[in-house]
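Trainee: mind looking at a prediction? Sequence and model below.
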Amino acid sequence: MINFYLRDGDEVFITLGSQQPLESLTHSPSKSQWTKLAFDNTGDVVEETTASKAKLGESKHNPSTDEDNIESFEAKSLRRKKIEADTLAKAKFMKEVLKTQMLNAPKIIHFMKNEWEKVSPFVSQVRPPQERDQEYTKILNVYIEHSDILMEIFKNYSPSGYLLKENFLCLVEDAQIFPPSMLTEKSTKIYDRVCKYVGISNTSTNFIFSHLLCAILLIAQSKYNDTLDSKQSFKKSVEAIEELFASHFVPLARDLQLKCILKLEFVSVECLSRLRGCYDQLHSLFDKCAAKTRDIPTTVPISDVHDILYQVSSTPLSYYQLRHVKSTGWADR
């Protein structure tokens, strides 16, 4: 929640409560719903916490209540597991149905592996070769997992195919990675260092996608493994990159409303499991429309797609929008 309101470098003033409720036996701080969000315990919260503790104490001394709670907990746990298993099964079924619409995993792995191999030899390492290779494999897996976000962010900030220094600074600033006071210094230093590693000029248009992978590693190291900050806990390279994506690049993709975010939502277990409920009806509708022109229903004519969308939508799609639907494969079975 703090990330929505604060940026790195902001000053925060915190007013502590005058009293802290304690447990009667252990004299340790009483836990309430508010202590998870802040340390502002008012009198009303203290009274509410004390009352809830008193009710909790009464229920502990009632054996019949304990048995009911245990049975209720077991029943809820079994029901929850059953719902989760059913949801996963539905999502798995829809993934098979929409297999042609999903990302081509082998192709993505091959592409990201080739891009990473272009820059990984230039990254300095003091570890033994075996540990280095294991670390590189883990880093590559993180890049593969977020390949869609990486490629779309790169295209957004480098429409010409090359990431200029000013665009790189803009990317880092929009992702809110460094405090404003050190943004230009750190971003410029990282950009110049990548150019030096791979042997290109920092003023030329040669900063390609693979160089961004190297820059992300340096950004993660600079942000989460600062040797000058004694209060900062060190993270491994993989942990630092994962944190960088979770805290900065994924939110940036959402702010930019990139298509990759829509894809992530669409292929989520929750979304696919909901689609399973209407699959049979859609399948019947498809067979009915496809059988009009072919004995074996394999495709639906674009005119029938227009009729279907016209019936379910108050505003019919234009011919060019329908062509986009057809070209992207959504009209395919």
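Mentor: Received the coordinates, thanks. As the structure is a prediction and not an experimental result, all values here were calculated from the model. Numbers count the residues shown, from 1 in each chain.

Trainee: hey, let's count contacts and neighbours off CA atoms from now on
Mentor: Noted.

Trainee: mean confidence score for stretch 268-284?
Mentor: Stretch 268-284 shows a mean pLDDT of 84.

Trainee: please compute how far the strand or helix carrying Y310 lies from its chain's middle.
Mentor: Y310 belongs to helix 302-312 when assigned by DSSP states H and E. A distance of 34 Å separates the centroid of the chain from that of helix 302-312, by CA atoms, centre = their mean, to the nearest Å.

Trainee: buried residues, it. List them.
Mentor: V305 (16 or more other CA atoms under 10 Å).

Trainee: all numbers from here: first residue = 46
Mentor: OK, 46 is where the count begins now, so the last one is helix 347-357.

Trainee: can you map out the helices along the stretch 96-245 of the chain?
Mentor: 108-142, 150-164, 174-190, 192-202, 210-219, 228-243 (DSSP state H, counting those that start in this stretch).

Trainee: by mean pLDDT, show me the worst of those.
Mentor: Across the helices of the stretch 96-245 of the chain, the lowest-scoring stretch is helix 108-142, with a mean of 76.

Trainee: give the other helices and strands that it contacts.
Mentor: With contacts defined as 3 or more CA pairs under 8 Å, 6 or more residues apart in numbering; DSSP states H and E, helix 108-142 has these neighbours: helix 88-105, helix 314-335.

Trainee: with just CA atoms, put the longest one into CSV.
Mentor: Coordinates of the C-alpha atoms in helix 314-335 are reproduced here as CSV (Å, rounded to 0.1, in the frame of the first residue of the first chain):
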residue,chain,number,x,y,z
VAL,A,314,-6.4,-19.6,-13.8
GLU,A,315,-9.3,-17.5,-12.6
CYS,A,316,-10.2,-16.2,-16.1
LEU,A,317,-9.8,-19.5,-17.9
SER,A,318,-11.8,-21.4,-15.3
ARG,A,319,-14.7,-18.9,-15.9
LEU,A,320,-14.5,-19.3,-19.6
ARG,A,321,-15.0,-23.1,-19.1
GLY,A,322,-18.6,-22.4,-18.1
CYS,A,323,-19.6,-20.9,-21.5
TYR,A,324,-17.4,-23.2,-23.6
ASP,A,325,-20.1,-25.7,-24.5
GLN,A,326,-22.5,-23.1,-25.6
LEU,A,327,-19.9,-21.3,-27.7
HIS,A,328,-18.8,-24.6,-29.2
SER,A,329,-22.4,-25.4,-30.3
LEU,A,330,-22.8,-22.0,-31.8
PHE,A,331,-19.5,-22.4,-33.7
ASP,A,332,-20.6,-25.8,-35.1
LYS,A,333,-23.9,-24.3,-36.1
CYS,A,334,-22.3,-21.4,-38.0
ALA,A,335,-19.5,-23.5,-39.5
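
Trainee: list the buried residues of that helix.
Mentor: 314, 316-318, 320-321, 331-332, 334-335.

Trainee: hmm, who's touching it?
Mentor: Residues from elsewhere that reach helix 314-335, judged by CA atoms under 8 Å, 6 or more residues apart in numbering: 132-136, 138-140, 310-311, 341-346, 349, 378.

Trainee: which helices and strands does the helix holding Y355 pack with?
Mentor: Using 3+ CA pairs under 8 Å, 6+ apart: helix 347-357 touches helix 364-372.

Trainee: can we see that at 10 Å?
Mentor: helix 314-335, helix 364-372 (3 or more CA pairs under 10 Å, 6 or more residues apart in numbering; DSSP states H and E).

Trainee: out of those helices, flag the one nearest K241.
Mentor: Nearest of the helices and strands packed on helix 347-357 to K241, taken as CA to CA: helix 364-372 at 42.4 Å.

Trainee: now the closest one: average pLDDT?
Mentor: 48.

Trainee: show me the chain divided up by domain.
Mentor: Using automatic domain parsing, the domain parsing of the chain gives 47-105, 108-143, 150-310, 323-372.

Trainee: of all these, which gets the most neighbours per residue?
Mentor: domain 150-310 (a mean of 16; mean count of other CA atoms under 10 Å).

Trainee: report the separation between the two terminal residues of that one.
Mentor: End-to-end span of domain 150-310 (CA to CA, to the nearest Å): 17 Å.

Trainee: which residues are in contact with the most centrally placed residue in the chain?
Mentor: Using CA atoms, centre = their mean, the residue of the chain that lies closest to the mean C-alpha position is V295, 5.2 Å off. The contact partners of V295, by CA atoms under 10 Å, 6 or more residues apart in numbering, come to 191, 194-195, 198, 220, 289, 301, 303, 305-306.
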